[in-house]
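**Student:** Sequence plus predicted model, see below.
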Amino acid sequence: MSPHPTALLGLVLCLAQTIHTQEGPLPRPSISAEPGTVIPRGRPVTLQCRGPVGVYAFRLEREDRSEHKDNYNVSQASPSESEARFRIDSVSKGNAGRYCCLYKKSTSWSKRSDYLELVVKETSGDTDSPVTEPDSSAGPTQRPSDNSHNEHAPASQGLSAEHLYILIAVSVVFLFCLLLLVLFFLHRQNQIKQ
């Protein structure tokens, strides 16, 4: 009593579709700064990168990509997120600028996060003005550049839209496979009765 070839083909196709659905592009990481993006000169700041679970390493890059740091000390921030922290002990003009994160999962690197602008606040005498990189044409700004809407969102957001779509797709494929299996058994019972 060998299984019907059509049912086996259907199950193989279902499995292939499930594997293909789970391989999609890696979601983009997020970046935030603690205690914030405007830091007085000489004070510490921690840049925090977050991504999905299963991340092997995070990389922090400057906008011009002249320097980067890799961090393999990845911790689990929540059941669906991992994170790495990059500490700058003493902020200076040399640290000011735009930073982004990316991560490595398996053998692939993710896309870069939105940029976060780190601003150094000068506190010499009675002048109290923020300073960005000397070659920055944007001038002093205090916003985290394209990331203000989700600076702390990943922790409270739950499932991202991409994860939700993957979950729905896998559920649909699973139900389709289950339906094929039921049809196969009904067909088999019908053959045995005859």
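**Tutor:** Perfect, thanks for sending it.
**Student:** Tell me the buried residues in the lengthiest helix in the chain?
**Tutor:** Scanning the chain for the helix with the most residues, using DSSP state H, yields helix 161-193. By 16 or more other C-beta atoms under 10 Å, the buried positions in helix 161-193 come out as 166, 169, 173, 177, 180, 184. Every C-beta, even on glycine, is put in place using the N, C-alpha and C of the backbone.
**Student:** I'd like to know which elements it is packed against.
**Tutor:** Counting contacts by 3 or more C-beta pairs under 8 Å, 6 or more residues apart in numbering; DSSP states H and E, helix 161-193 is packed against helix 5-22.
**Student:** Name the residues of stretch 78-94 that are buried.
**Tutor:** 81-84, 86, 88, 91.
**Student:** do the same with stretch 60-75
**Tutor:** Neighbour counts using 16+ other C-beta under 10 Å place 60-63, 71, 74 of stretch 60-75 among the buried residues.
**Student:** Tell me which two of those sit farthest apart.
**Tutor:** Greatest spatial distance in the buried residues of stretch 60-75: 63 and 74, 23.3 Å, computed using C-beta to C-beta.
**Student:** bridging residues for residue 100?
**Tutor:** residue 61 (DSSP bridges).
**Student:** need the contact list for it.
**Tutor:** By C-beta atoms under 8 Å, 6 or more residues apart in numbering, the contact list for residue 100 reads 31, 60-61, 63, 112-116.
**Student:** so residue 101 sits right up against residue 115, yeah?
**Tutor:** No - Residue 101 is beyond contact range of residue 115, at 9.8 Å (criterion: C-beta atoms under 8 Å).
**Student:** what residues are shared contacts of the two?
**Tutor:** Counting by C-beta under 8 Å, 6+ apart, the residues touching both residue 101 and residue 115 are residue 31.
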